[in-house]
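**Student:** Provided below for reference: sequence and predicted model.
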Amino acid sequence: MRLVLSEADQHRVRTLNAAEPVPGESLPRPDVLRTLAGLIPCDCIGADVVDREGRIQTNVTWPRWGVGSVDLTVSEAGPFVGIVRLAVDPAHAAFLRATGLTDCLAMEFRHGPERTAQLHLDRLRTAFSQRDVACLTLVWPVIRRLLIERPDPSMPDTLTPRELSVLRLVAAGHANAEIAELLYVAPSTVRKHLQNTYRKLGVTNRMAAAVQLSGLARR
């Protein structure tokens, strides 16, 4: 379907694209969940890391109350990877009845060999639409990064998460204009982040900064 976003929803998408992983954590901050709930209205939204037996290792929800965790890991076929709308999946009809939900929109990613990371948006009265599924598909790469990526502890503490993001994109060969488009910021903001990064790393150009990043990552 053709997805048309309002100005408010475009702002929410930009906000999600600019979000950074929580240092040392595998789950997004509650404000990220709140922004996603603005893009795809729901009664509750949560993220979990679940082991191979379906036990929740860590989780975060917004609002702080929740209607339960969507466990898609207990299946003879193995962990589910992707997006599923439970109301149209007969295999999850019993779960919806047991939790009092009308519908649940869920996505799951592998999180190493023994765990999966899950995101679930729950509705108590109304079902999700194809537009809701399209919106979740749009921000899939962002949510996947926030659920799986952990900032590298070998990186200097003096670099901010956004400076590290810019530096990693520089090391991947992206020009400033491309980085600005990927991060939804102005090119001048990218230049400012690079200037700060050069100063903190004691270098004078992007190639030297990228080389330092490569050396730090190998420690």
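**Tutor:** Received, thanks. Numbering: from 1, shown residues only.
**Student:** What residues sit buried inside the top helix by length along the chain?
**Tutor:** Longest helix in the chain by number of residues (criterion: DSSP state H): helix 187-201. Buried positions in helix 187-201, judged by neighbour count with 16 or more other CB atoms under 10 Å: Thr189, Val190, His193, Leu194, Asn196, Thr197, Tyr198, Leu201. To be clear about C-beta, it is placed using only N, CA and C from the backbone, and glycine gets the same treatment.
**Student:** Distance to Thr15 and pLDDT added to those residues, as CSV?
**Tutor:** As requested, those are arranged in CSV below (distance: CB to CB, whole Å; pLDDT from 0 to 100):
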residue, distance to Thr15, pLDDT
Thr189, 15, 90
Val190, 18, 91
His193, 18, 91
Leu194, 23, 93
Asn196, 22, 91
Thr197, 23, 91
Tyr198, 28, 91
Leu201, 28, 88
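**Student:** thinking again about what came up before, convert the C-alpha atoms of the longest helix of the chain to CSV, please.
**Tutor:** Output of helix 187-201 as CSV, limited to C-alpha atoms (Å, rounded to 0.1, in the frame of the first residue of the first chain):
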residue,chain,number,x,y,z
PRO,A,187,24.9,18.7,6.7
SER,A,188,26.1,21.5,9.0
THR,A,189,25.3,19.3,12.0
VAL,A,190,27.3,16.5,10.6
ARG,A,191,30.3,18.8,10.1
LYS,A,192,30.0,20.0,13.7
HIS,A,193,29.9,16.4,15.0
LEU,A,194,33.0,15.6,12.9
GLN,A,195,34.8,18.7,14.2
ASN,A,196,34.1,17.7,17.8
THR,A,197,35.2,14.1,17.0
TYR,A,198,38.5,15.2,15.4
ARG,A,199,39.3,17.4,18.5
LYS,A,200,38.5,14.6,20.9
LEU,A,201,40.5,11.9,19.0
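**Student:** any chance of the buried residues of helix 187-201 in a markdown table, plus distance to Ile56?
**Tutor:** A markdown table is the format used below for these (distance: CB to CB, whole Å):
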| residue | distance to Ile56 |
| --- | --- |
| Thr189 | 38 |
| Val190 | 38 |
| His193 | 36 |
| Leu194 | 40 |
| Asn196 | 39 |
| Thr197 | 37 |
| Tyr198 | 43 |
| Leu201 | 39 |
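**Student:** now, which of those sits nearest Ala180?
**Tutor:** Comparing those against Ala180 with CB to CB places Val190 closest, at 5.0 Å.
**Student:** Tell me which residue lies nearest the centroid of this structure.
**Tutor:** By CA atoms, centre = their mean, the chain has its centre lying nearest to Ile143, at 2.0 Å.
**Student:** In which helix or strand does it reside?
**Tutor:** Element membership for Ile143, per DSSP states H and E: helix 140-148.
**Student:** Tell me which other helices or strands the host helix or strand of Leu105 touches.
**Tutor:** For Leu105, the enclosing helix or strand under DSSP H and E is strand 103-110. In this structure, strand 103-110 packs against strand 82-85, helix 93-99, strand 115-123, helix 130-138, helix 140-148, with contacts taken as 3 or more CB pairs under 8 Å, 6 or more residues apart in numbering; DSSP states H and E.
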